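Trainee: the amino acid sequence is not available; the structure is as follows:
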């Protein structure tokens, strides 16, 4: 018994706090999290005011829609098949949505610029050619399908790297692009911003689908955090350090 206690103490002494996240990464992460939540809530309220989507330049209650969400609207003029309307929250939701989007844009630009200059994306997120070998990919897929906890919590596998890069360099830029394409002030100065997308209503529809993709990413991200140790991961994103075996 004394040997087991000594072994436990020896093992506990090998656990040390190692640097994991820089201050900039932690600050931008929590600002992005708060902004995403605000955008999700306000964006949902905006959609509820008109849960119909179109393609092209023009779309209204008098035209046929590309698809409709099976939810009641907050405006009586929008016929959704329900015998009631929800409270209209379109005023504050639009104001919060636009202001939060600019804060998120500045935060994302700072994070991306710093990540490029510090070579964080190249060193930690850019997949290697060896990661795409069939055996390596099969191992990563099997790990996720069987819900096995990763052996090395401090590294990203190829699926995580590809996903993070897609979010940072594709989904977020597309989200801002389609958002700006719905702004009359922006499109009046630079019409190409919206014409390339096919029109204002096309931009709104694309904006909606990109938002869904980002929500799915956040859900998967939270699930992975829970799977690899929610308490440790959250502490690391607050303090910047993670407990590792030495």
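Mentor: Ah, there it is. Note that the structure is predicted; figures quoted are calculated from it, not measured.
Trainee: which ones are touching residue 194?
Mentor: 181, 182, 187, 200, 203 (CB atoms under 8 Å, 6 or more residues apart in numbering). Placement of C-beta: from N, CA and C, glycine included.
Trainee: what pLDDT does the residue most central in space within the chain get?
Mentor: Most central in the chain under CA atoms, centre = their mean is residue 214, positioned 4.1 Å from the mean C-alpha point. Residue 214 carries a pLDDT value of 97.
Trainee: now do stretch 166-185: distance to the chain's middle.
Mentor: Remark: stretch 166-185 is offset 13 Å from the chain centroid, using CA atoms, centre = their mean, to the nearest Å.
Trainee: start and end of that stretch, how far apart?
Mentor: Using CA to CA, to the nearest Å, one end of stretch 166-185 lies 29 Å from the other.
Trainee: before we move on, back to that, and the helix or strand encompassing the residue nearest to the centre of the chain, what other elements does it pack with?
Mentor: With secondary structure defined by DSSP states H and E, residue 214 is part of helix 200-227. With contacts defined as 3 or more CB pairs under 8 Å, 6 or more residues apart in numbering; DSSP states H and E, helix 200-227 has these neighbours: helix 23-49, strand 52-53, helix 158-166, helix 172-181.
Trainee: so the helix or strand just after that helix versus helix 200-227, what angle?
Mentor: Per DSSP H and E, the first helix or strand lying C-terminal to helix 200-227 is helix 230-239. Relative orientation of helix 230-239 versus helix 200-227 (axes from the mean of the first three to the mean of the last three CA atoms, to 10 degrees): 110 degrees.
Trainee: re earlier: with pLDDT added, can I get the contacts of residue 194 in CSV?
Mentor: Listed next are these as CSV, based on pLDDT from 0 to 100:
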residue, pLDDT
181, 96
182, 94
187, 94
200, 96
203, 97
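Trainee: these: which two are farthest apart?
Mentor: Across the contacts of residue 194, the longest distance by CB to CB is 8.9 Å; it joins 187 and 203.
Trainee: okay then, goodbye and thanks.
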